[in-house]
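Student: Task: produce atomic coordinates for the following.
(chains A and B)
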Number of protein chains: 2
Amino acid sequence: MSENTKGKLVIIGGAEDKEGKCEILRKVVHLSGKENSRIVVMTTATERPEEVGSLYKKIFKRLGVKTVDIVNINARAEASNEEYTQLINEATCIFFTGGDQLRITSLLGGTDIYKSLHDAYQRGALIVGTSAGASAMSSNMIVEGSNDDAAKLCTLNMAPGLSLLNEVIIDQHFAQRGRIGRLMSAVAQNPHMLGVGIDEDTAITVEGDNFYVIGSQSVTVVDGMCLSHTNVSELMPEEPLALTNVKLHILPKGYGFDLISREPKIIQKESTKEEEIQ
Amino acid sequence: MSENTKGKLVIIGGAEDKEGKCEILRKVVHLSGKENSRIVVMTTATERPEEVGSLYKKIFKRLGVKTVDIVNINARAEASNEEYTQLINEATCIFFTGGDQLRITSLLGGTDIYKSLHDAYQRGALIVGTSAGASAMSSNMIVEGSNDDAAKLCTLNMAPGLSLLNEVIIDQHFAQRGRIGRLMSAVAQNPHMLGVGIDEDTAITVEGDNFYVIGSQSVTVVDGMCLSHTNVSELMPEEPLALTNVKLHILPKGYGFDLISREPKIIQKESTKEEEIQ
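Tutor: This next block holds a predicted model:
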């Protein structure tokens, strides 16, 4: 992340509550200007843009936001549309829905909208992604991989993401789809990257060099910095990986993480004071 | 494990290959006397004992074993049957099938067969368990818990196992059923216990204070000794757990683990020399 970035991120593991307390979506509204938020819902990832777009518009309106626009880019040619870039330029929040992360990057990568998105983040807008939109946030994104499988390389595909969050690989629907194996495979390939697996109805808010967990389930952090051995470069595609001395943290709401020191934190309920866990 | 124990264990994560190379079942035969093995198949866990018993009998016969007996105990009264205890006393291998681990412990616990089983292990017999039979090997066994879920206590049930392997909690069908959450929950409750999650068609052979991985997938070791924080004692049942600084190892075939030092090992292919990974 650039030192000058003023924006924040909310990265949601998918299936966030849309009918009950809406803890996560309410936080999105809170962080982006409350009733004065100007939210742009980007439906590029989904093949049901009208349905998904109008659902989120309805929810954000219900949560008190006055200005909610839907931008549905379905071809690269549309990603230079001036009306759309103008909406992004004025937005306090840009919200990427679920669907297919490769649609987001292949349709928007290198376009005017892509530039506007990064400009918006630099000037202080909130960028939000859920499910596929979550995967797309990082510089290296998981496109697909096996669920409920041992760590292997054969089915893991990665691609360049939107690069709003660097040195991190996000995975979503994490516990619910049994994705620890594929995230470990991704981390093994370059343990400098921190693996962050976000459960459904759970999110991280990224503010400066820290993230904080919100929602009903947990975030799994896979830290390979102390990895003492892996056979990742020697394997046939179907062979299971070896990894030794990987550090793991399971963090529910009330916990945070320092992305620089790689230390988890307890966020005390009674105050905003933070305490590093040694 | 008692210092005087001469027996070995083979603990299989379920769904071991029964038609191809049969790597794991072949290893069972090899470790228990080859063609002179005397294998007793214990079908107590399953509710289809005749089908399952005759399947394993057929396989072990095919692998060259001359003496294979099936012991199907379906009531505690049968667990003092002299014919059965005699078979156990003469066996070089006692093989527990899959099914329900609570059937194994509730039907056999404290009976003559239970005593014979431990005597057999002390004198050098090979004890094998697959799936439910694997879970039953340790002193604390997981009875049930959520698959594909965040680490939580609400659905995790543990019970006393057969105590052939102490200070370890086994889980099986591990990656295939997304069980990292439930194993983490078990370890969080007493991080002195080492969590060992065994994938399908994968096994550990326990010899003295070490185990070695065989089969086609991986073994996940969850070491909570360095756990710096957990909220496990403060939670409501449905709330997700926090755990920080858990050590993880993913070990496929060709790797081992020292249960005392808690260090993984590479077993070099060219020789029997072992190398500790620092």
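
Student: can we go C-alpha only for contacts and neighbour counts from here?
Tutor: Noted.

Student: what about the residue most central in space within chain A, distance to residue B:143?
Tutor: For chain A, residue A:134 is the residue whose C-alpha lies nearest the centre (CA atoms, centre = their mean; 2.9 Å). To residue B:143, residue A:134 is 35 Å away according to CA to CA, to the nearest Å.

Student: Which residues of chain A lie near chain B?
Tutor: A:148-151, A:175-181, A:199, A:216-218, A:228-229, A:239-252, A:264, A:277-278 (CA under 8 Å from any CA of the partner chain).

Student: where are the low-confidence patches of the stretch 151-278 of chain A?
Tutor: Within the stretch 151-278 of chain A, the stretches with pLDDT under 70 are A:268-278.

Student: the inter-axis angle of the longest strand along chain A versus strand B:243-252?
Tutor: Looking across chain A with DSSP state E, the single longest strand is strand A:243-252. Angle of strand A:243-252 versus strand B:243-252, following axes from the mean of the first three to the mean of the last three CA atoms, to 10 degrees, is 140 degrees.

Student: outside of strand A:243-252, which residues touch it?
Tutor: A:188, A:213-231, A:264, B:151, B:240-251, B:264 (CA atoms under 8 Å, 6 or more residues apart in numbering or on different chains).

Student: For ChimeraX, write a command that selects the buried ones of these.
Tutor: In ChimeraX, this line selects whichever of the contacts of strand A:243-252 come out buried by 16 or more other CA atoms under 10 Å in any protein chain shown:
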select /A:188,213,214,215,216,217,218,219,220,221,222,223,224,225,227,229,230,264 /B:151,240,241,242,243,244,245,246,247,248,249,250,251,264
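
Student: From the contacts of strand A:243-252, which land in strands?
Tutor: Short answer: those in strands (DSSP E) are A:213-215, A:218-223, A:229-230, A:264, B:243-251, B:264.

Student: Could you list the buried residues of stretch A:133-144?
Tutor: Buried-residue list, stretch A:133-144, by 16+ other CA under 10 Å: A:133, A:134, A:135, A:136, A:137, A:138, A:139, A:140, A:141, A:142, A:143, A:144.

Student: any chance of the residues you listed in a markdown table, with pLDDT and secondary structure too?
Tutor: Formatted as a markdown table, the buried residues of stretch A:133-144 follow (pLDDT from 0 to 100; DSSP: H, G, I helix; E, B strand; the rest coil):
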| residue | pLDDT | secondary structure |
| --- | --- | --- |
| A:133 | 97 | helix |
| A:134 | 98 | helix |
| A:135 | 97 | helix |
| A:136 | 96 | coil |
| A:137 | 96 | coil |
| A:138 | 93 | strand |
| A:139 | 90 | coil |
| A:140 | 90 | strand |
| A:141 | 91 | strand |
| A:142 | 93 | strand |
| A:143 | 91 | strand |
| A:144 | 87 | strand |
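
Student: Just the closest of those to residue B:100, please.
Tutor: residue A:144 (34.5 Å; CA to CA).

Student: Would you mind naming the helix or strand containing the spatially closest residue to residue A:108 that is not a sequence neighbour?
Tutor: Distances taken as CA to CA, 6 or more residues apart in numbering or on different chains place residue A:114 nearest to residue A:108, at 5.7 Å, with adjacent residues excluded. Assigned by DSSP states H and E, residue A:114 belongs to helix A:112-123.

Student: Check which helices and strands the following helix or strand past that helix sits against.
Tutor: Going down the chain from helix A:112-123, the next helix or strand is strand A:126-130, by DSSP H and E. Contact here means 3 or more CA pairs under 8 Å, 6 or more residues apart in numbering or on different chains; DSSP states H and E; on that basis strand A:126-130 packs against strand A:8-12, helix A:23-31, strand A:93-96.

Student: quick one, the longest one and strand A:8-12 angle?
Tutor: Okay, so that is helix A:23-31. Using the same axes, to 10 degrees: helix A:23-31 against strand A:8-12 is 170 degrees.

Student: what's the angle between helix A:23-31 and strand A:126-130?
Tutor: 170 degrees.

Student: List the contacts of residue A:225.
Tutor: Applying CA under 8 Å, 6+ apart, the residues near residue A:225 are A:191, A:192, A:246, A:247.

Student: Now distance to residue A:203 too, for those residues, in CSV please.
Tutor: Shown next, in CSV, are those (distance: CA to CA, whole Å):
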residue, distance to residue A:203
A:191, 23
A:192, 22
A:246, 23
A:247, 21
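
Student: Looking at these, spot the one nearest residue A:168.
Tutor: Looking across those and measuring by CA to CA, the closest to residue A:168 is residue A:192, at 8.5 Å.

Student: The closest one reaches residue A:226, doesn't it?
Tutor: No - judged on CA atoms under 8 Å, residue A:192 makes no contact with residue A:226 at a distance of 9.8 Å.

Student: Can you pull out the low-pLDDT segments for the stretch 1-150 of chain A?
Tutor: In the stretch 1-150 of chain A, residues with pLDDT under 70: A:1-3.

Student: make it 50
Tutor: A:1 (pLDDT under 50).

Student: ok, the residue nearest to residue A:31 when sequence neighbours are not counted - how many residues close by?
Tutor: By the measure of CA to CA, 6+ apart, the closest residue to residue A:31 outside its immediate chain neighbours is residue A:126, 7.2 Å from it. Here the number of neighbours of residue A:126 (other CA atoms under 10 Å in any protein chain shown) works out to 28.

Student: How about residue A:26?
Tutor: Neighbours of residue A:26 (other CA under 10 Å): 16.

Student: Torsion angles phi and psi at residue A:205?
Tutor: Residue A:205 adopts backbone torsions of phi -100, psi 120, taken as degrees, to the nearest 10.

Student: same check, this time on residue A:48
Tutor: phi -120, psi 60.

Student: Quick check: end-to-end length of stretch A:241-257?
Tutor: 27 Å.

Student: Could you do stretch A:198-206 as well?
Tutor: 13 Å.

Student: and it, how far out from the chain's middle?
Tutor: 8 Å (CA atoms, centre = their mean, to the nearest Å).

Student: try stretch A:153-169
Tutor: Using CA atoms, centre = their mean, the offset of stretch A:153-169 from its chain centre is 11 Å.

Student: now the end-to-end length of that stretch.
Tutor: OK, stretch A:153-169 end separation, CA to CA: 15 Å.

Student: Could you do stretch A:127-140 as well?
Tutor: 17 Å.

Student: Now for chain A: which helix has the highest residue count?
Tutor: Secondary structure of chain A per DSSP state H: the longest helix is helix A:49-62.

Student: Provide a list of residues in contact with the residue nearest to residue A:120 when sequence neighbours are not counted.
Tutor: Nearest non-adjacent residue to residue A:120, counting by CA to CA, 6+ apart: residue A:89, 6.3 Å away. Contacts for residue A:89 (CA under 8 Å, 6+ apart) come out as A:116, A:117, A:119, A:120.

Student: Same check on residue A:92?
Tutor: For residue A:92, counting by CA under 8 Å, 6+ apart, the contacting residues are A:32, A:33, A:37, A:38, A:39, A:120, A:124, A:125, A:126.
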